[in-house]
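Asker: Pasting the sequence and the predicted model now:
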Amino acid sequence: MDNNACKRSTKENGTRKISAFGALWVHLILGLGIALGFSMARSLCSINLISDPAHTLFILWIVECPIVIVNYSLLRHNPSECSYLQAVGRSVLGLPAGALVIALCAIALGAPVGTKYFLRTVNWSLLMSSFTFAPAAAVFGSSFADWQRLFANTRPVGSIDYMLCLPAHGAMLGSWFGAWPMPLDWERPWQEWPVCVTYGGVAGYVIGLCASFGLVLFCSRRQHAKAD
């Protein structure tokens, strides 16, 4: 997010508010990061999720994760008490921690294990953590109350909460729906773990970005209407 968008973000009760334009800017960069990852895999390495899932996933998260961390660290809570570099640091730490949780949950739900799938699972988990844990860690840090409110109770209370909650939930729900074709006896290469799960997760994430921007825009217009 650029400096002008950051200046439009104002502090309120220890949190930041972001304008609709600022939210649009962040969402566009995040969406372009995903597109850039797929493009780099195809053009530079001549691979895709079907031909080489592990390396394609690696390119996707290695491109998207820095974009997520840089932008969401600007939207951290209590900026007077938490510096930008601290927000970046806790987001970097949240990335592997979230990936571990996601990988264990995926294995518990039936994801295959073994040397063939190890790198696929690791890189997929890091990509999903970039969508879910890393941005929340940048904004909330270790605030259990905020994590519980947003992810356990699904109670967003502001623009930044929508920007965290909806893309994260979209990615997880998309991955869940994307896993449905895996056990079917179609013998298609895209049914391999975690190809269809990744496509579902990315689609859900992008839909969540669009939905969160819509809600940010709606809330912004409603606040302006009340002010008038």
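Answerer: It's in. Quantities reported herein were computed from a predicted structural model and do not represent experimental measurements.
Asker: lowest-pLDDT helix or strand in the chain?
Answerer: In the chain, no helix or strand scores lower on mean pLDDT, DSSP states H and E than strand 10-12, which sits at a mean of 39.
Asker: Now stretch 196-215 - C-alpha only, CSV.
Answerer: The C-alpha coordinates for stretch 196-215 follow below in CSV (Å, rounded to 0.1, in the frame of the first residue of the first chain):
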residue,chain,number,x,y,z
CYS,A,196,-7.8,-29.2,-7.0
VAL,A,197,-7.6,-28.1,-3.4
THR,A,198,-5.2,-25.3,-4.4
TYR,A,199,-7.4,-24.1,-7.2
GLY,A,200,-10.4,-24.1,-4.8
GLY,A,201,-8.4,-22.2,-2.2
VAL,A,202,-7.1,-19.6,-4.6
ALA,A,203,-10.6,-19.1,-6.1
GLY,A,204,-12.1,-18.7,-2.6
TYR,A,205,-9.4,-16.3,-1.6
VAL,A,206,-10.0,-14.1,-4.6
ILE,A,207,-13.8,-14.2,-4.0
GLY,A,208,-13.1,-13.2,-0.4
LEU,A,209,-11.0,-10.3,-1.5
CYS,A,210,-13.8,-9.0,-3.8
ALA,A,211,-16.5,-9.5,-1.1
SER,A,212,-14.4,-7.8,1.6
PHE,A,213,-13.8,-4.8,-0.7
GLY,A,214,-17.6,-4.6,-1.3
LEU,A,215,-18.2,-4.5,2.4
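Asker: roughly how far is that stretch from the heart of the chain?
Answerer: 9 Å (Cα atoms, centre = their mean, to the nearest Å).
Asker: buried stuff in that stretch?
Answerer: By neighbour count with 16 or more other Cβ atoms under 10 Å, stretch 196-215 contains the buried residues 196-209, 211-213, 215. Every residue, glycine included, has its C-beta placed from N, CA and C.
Asker: now stretch 53-67
Answerer: Neighbour-count burial for stretch 53-67, counted by 16+ other Cβ under 10 Å, picks out 53-61, 63-67.
Asker: Alright, calling it a day.
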